[in-house]
Structure formats: C-alpha cells, structure tokens
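> Predicted model and sequence below, questions to follow.
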Amino acid sequence: MNPSVSVIIPVYNEAGVINGTVRHIRSMPQGRDAEIIVADGHPEETSLAVIDDPAVIRIASVKGRGCQMNAGARKASGAILLFLHADTRLPLGGLNRVISVMARDSGCVGGAFCLRIDNRRGIFRLIEAATNRRARLTRVPYGDQAIFVRRDYFHEAGGYREIPLLEDVDFMRCVRRRGDRIVLLPEAVETSSRRWDRDGILFTTLRNRVIMILYYLGVSPGRLARLYM
C-alpha cells in the first residue's frame, strides 16, 4: 500500500499567495484529496483568514518556522510529512514521486527536491547550481527544497528544533549524524525570487553564505537571526 502525504505549509503574512499554493497542490495528481495543513505564526492569523479551500486544516501557532512546522506535524495523519514554503511550487507529479520513492525504498527516511528559482536572469542559474551541488555533497538540503520525511521518524527524532533560524539545516544535520539515509530527487521545486529581488542578489547571496559559515563554526541561530533581519 502506498503511503499518504500530509503537506505542511508554515506561513506569516502570506495572504497574497497561500490560495495559489493550495490550488497548485490540488491541481496535481494525488493533490485533490491530499491533507494540507497551514500553520500561521501571525498573531492575527491573517493568512488563515483568506484560505478559501474548506478542506485545508488551519492551525494558529507561535511564530517561527520550527514551531509552526512542528504544530502542523502534530496534526498530520499522513505517513509522510512534506514541508512546503508558501512561495514554492512542487514539480508536476511531485506528490506521486514522493509516494513512489518512499514506498519503494523502506530504508530511506526522507529527502528533498532540487531547487529552481522563478526568475529568468542567468545569475539565478548559478545560485541554483551551487545550492543543488551543496545539497548533493553534504546531504543537507534547505527547507525551500520541500523536505519530506516519514512521520514516525520525524517524531522519533524530535522534530524541528524551535530555533529562530536554520531549523531545516539543523534537522537534516541531525538525520546525517544519526547515519540515516535520504534521497535527493532530480526533479526541481520552483521557489520565488522575491527575497533576492527585495534585498538584492549580491547582498542576499553573500548574507546567506556568511550565515551558513558562522553556523557551522558554532554561532547560535539566535545571534545569526539578527543578521537575517
């Protein structure tokens, strides 16, 4: 029997995009009946208020992706949890692909997709290539690559640490330290270029690299979060 997937979407001020993200999931094979959970970290629940799909499970949460994704995971009933950013689109057939690979390979605890950025400028092809190569070499994908993991394993491993930054990297490093195996799918999710557009390509790229270097050198996510603002 194929495992089922729960799609968990952490949001904060995403009222302008959340319905498009939900509709995209629903349009996919396996998406019509998929369990979709939206966890809103805004105190006024502004993103939850605009959701027009009555089947979406709405959760109010403390702000912070780690907190929000853990809250969604506690409500999920799927055998596989897929954590999706609100500005990211899965590839066509992405849910089927996750279900297929996880059903076929019982020794795999989770994985992620490759990354594509929704912008035609050539510099983004370099950023994509660097991100995907780093993920292949380190086996530590980023959250905007749509990380998926078996639900039982996620809870047994303790879920995401509820830290202000890099909860995705922290969790995948935990998986690697435990010696467990993930799969990096060749299909790509497509994420918005909005943070590069807003803050500038050079600044955003350099800031992200500096944050990662400092994190690996042991600087706490709490201190690093101040660099990300």
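Yes, it's here.
> Could you check the pLDDT of L227?
Here the pLDDT value assigned to L227 is 74.
> contacting residues for it?
Under the criterion of Cβ atoms under 8 Å, 6 or more residues apart in numbering, the contact list for L227 reads R207, V210, I211, L214. Every C-beta, even on glycine, is put in place using the N, C-alpha and C of the backbone.
> cool, and G122?
G122 makes contact with no residue, according to Cβ under 8 Å, 6+ apart.
> what do you get for K63?
Per Cβ under 8 Å, 6+ apart, neighbours of K63: Y12, G41, H42, P43.
> if we can go back for a sec, got CSV for the contacts of L227, with neighbour count and pLDDT too?
Compiled in CSV, the contacts of L227 are given as follows (neighbours: other Cβ atoms under 10 Å; pLDDT from 0 to 100):
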residue, neighbour count, pLDDT
R207, 15, 89
V210, 12, 91
I211, 19, 91
L214, 15, 92
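> any idea of the pLDDT on P221?
In this prediction, P221 carries a pLDDT score of 87.
> count of residues packed around it?
Burial of P221, expressed as a neighbour count using other Cβ atoms under 10 Å, amounts to 19.
> I'd say it and I163 touch.
Yes - counting by Cβ atoms under 8 Å, P221 touches I163, with 4.2 Å between them.
> Check the contact lists of those two and give me the overlap.
Here P221 and I163 have D170 as joint contacts, going by Cβ under 8 Å, 6+ apart.
> Tell me which residues touch I147, please.
L82, F83, G110, G111, A112, P141, D168, F171, M172.
> pretty sure the fifth one is in a strand, no?
Read it as A112. Yes - under DSSP: H, G, I helix; E, B strand; the rest coil, A112 sits within a strand.
> sec struct for the nearest residue to it once chain neighbours are set aside, please.
Counting by Cβ to Cβ, 6 or more residues apart in numbering, the nearest residue to A112 once its immediate chain neighbours are dropped is P141, at 3.6 Å. Under the three-state scheme (three-state DSSP), P141 adopts coil.
> where exactly do the strands run in this structure?
Under the criterion DSSP state E, strands of the chain are mapped to 5-11, 35-40, 57-60, 80-83, 88-89, 108-118, 148-150, 181-192.
> Just put those in TSV and tack on mean neighbour count.
Putting the strands of the chain into TSV (neighbours: other Cβ atoms under 10 Å) gives the following:
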stretch	mean neighbour count
strand 5-11	26
strand 35-40	24
strand 57-60	16
strand 80-83	27
strand 88-89	22
strand 108-118	22
strand 148-150	26
strand 181-192	17
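> quick one: which of those is nearest R125?
R125 lies closest to strand 108-118 among the strands of the chain, at 8.4 Å (Cβ to Cβ).
> For the closest one, name the packing helices and strands.
Using 3 or more Cβ pairs under 8 Å, 6 or more residues apart in numbering; DSSP states H and E as the contact criterion, the secondary-structure elements in contact with strand 108-118 are helix 94-104, helix 122-138, strand 148-150, helix 151-156, strand 181-192.
> Off-centre distance for stretch 163-182?
Centroid displacement of stretch 163-182 relative to its chain, using Cα atoms, centre = their mean, to the nearest Å, is 13 Å.
> Touching that stretch from outside, list them.
With Cβ under 8 Å, 6+ apart as the test, stretch 163-182 has contacts from 64-66, 69, 83, 107-112, 138-143, 147, 149, 153, 157-161, 211-212, 215, 221-222, 224-225, 228.
> low pLDDT regions in this structure?
Filtered on pLDDT under 70, the chain yields the residue ranges 1-2, 228-229.
> neighbouring contacts of stretch 196-205?
Looking at what lies outside stretch 196-205 - Cβ under 8 Å, 6+ apart - the contacts are I117, N119, R121, I123, F124, I127, R195, R207.
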